[in-house]
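> missing the sequence, but the structure's below:
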């Protein structure tokens, strides 16, 4: 099913590169409010360092990402690390196979020294606001049950600095609704027209509501607000895939 997600994952690569600037604005605003005249610099050692600023946006930070195994979603963090020298992505996954693939691709890109890969879940990270930005791409619909989804997002929020940007992408909708069924049919036509084999599509379609647990868009937005994210803006939507940008309150 990787090819299904790949069709939509590419949109996030450019968006994550822009996130560095957005996180810089957030950090700069936070420092101005404190009157410190300093900017926060995140390094792989997980210690904070203050550096002098000349009014430019911060060029460094730690980015937390919780992602599906899509090759192009993995590329989003590599793209950000490759274009923004001071940023240090950290990718956490519960699947060792996905991490092995990510490690190989990180090494091929020459970014192994700046990308931290960890096997596990977000709740195992220290509960402190250490991260300047975070993403959760094509993961939430795999989390079964509203209670489990409600638990995941606050765990991410608790590890972000105030004002930190957050990007969330997920399949959303009510699988029992006519709208969901019609969009699934249209999605099938699009995928088959773009080279996806019918057996692969059938496996993916059968997983919706079984291996995955999509919820309506309004529920996703409500969960983000409950978790402490504000100013949520929907920046991408195609068939059943939707993405929001928000800021940690």
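Okay, I see it. A quick note: this is a predicted structure, and the numbers were derived from the prediction, not measured.

> what's the neighbour count on residue 113?
11 (other Cβ atoms under 10 Å). For every residue, glycine as well, the C-beta is placed using N, CA and C.

> figure out the helix or strand that the residue nearest to residue 216 when sequence neighbours are not counted lives in.
Spatially, and ignoring its direct neighbours in sequence, residue 216 is nearest to residue 174 (5.3 Å; Cβ to Cβ, 6 or more residues apart in numbering). Following DSSP states H and E, there is no helix or strand that holds residue 174.

> hang on, residue 174 packs against residue 181?
No. The pair residue 174 / residue 181 is not scored as a contact, 9.9 Å apart, by Cβ atoms under 8 Å.

> could you report the pLDDT at the closest residue to residue 145 other than its chain neighbours?
Among residues not flanking residue 145 along the chain, residue 213 sits closest, at 6.7 Å (Cβ to Cβ, 6+ apart). Note on residue 213: pLDDT of 97.

> which residues touch residue 213?
Contact analysis of residue 213 by Cβ atoms under 8 Å, 6 or more residues apart in numbering lists 141, 142, 143, 144, 145, 149.

> and those, which is closest to residue 165?
Using Cβ to Cβ, residue 149 is the member of those that lies nearest residue 165, at 20.5 Å.

> list the contacts for the closest one?
Residue 149 touches 140, 143, 213, 215, 223, counting by Cβ under 8 Å, 6+ apart.

> now the helix or strand in which it is found: average pLDDT?
Residue 149 belongs to helix 146-157 when assigned by DSSP H and E. What helix 146-157 shows for mean pLDDT is 96.

> buried sites along it?
Using 16 or more other Cβ atoms under 10 Å as the test for burial, helix 146-157 gives 149, 152, 153, 154, 155, 156, 157.

> residue 201: which of those residues is nearest?
So of the buried residues of helix 146-157, ranked by how close each gets to residue 201 (Cβ to Cβ), first place is residue 149, at 25.8 Å.

> list the buried ones in the helix or strand hosting residue 104?
Following DSSP H and E, the helix or strand that holds residue 104 is helix 96-108. By 16+ other Cβ under 10 Å, the buried positions in helix 96-108 come out as 98, 99, 102, 105, 106.

> closest one of those to residue 125?
Comparing the buried residues of helix 96-108 against residue 125 with Cβ to Cβ places residue 99 closest, at 15.2 Å.

> pLDDT below threshold where in this protein?
For the chain, the stretches flagged by pLDDT under 70 are 1-94.

> mind listing the strands for it?
Ranges of strands within the chain are 38-42, 48-52, 60-67, 86-93, 116-119, 133-137, 165-171, 229-238, 241-248, based on DSSP state E.

> hang on, the earlier thing: want to throw the buried residues of helix 146-157 into a markdown table with distance to residue 122?
What follows is the buried residues of helix 146-157, written out as a markdown table (distance: Cβ to Cβ, whole Å):
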| residue | distance to residue 122 |
| --- | --- |
| 149 | 13 |
| 152 | 7 |
| 153 | 10 |
| 154 | 10 |
| 155 | 5 |
| 156 | 6 |
| 157 | 10 |
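
> closest to residue 129 among those residues?
residue 157 (9.2 Å).

> thank you kindly, that will do.
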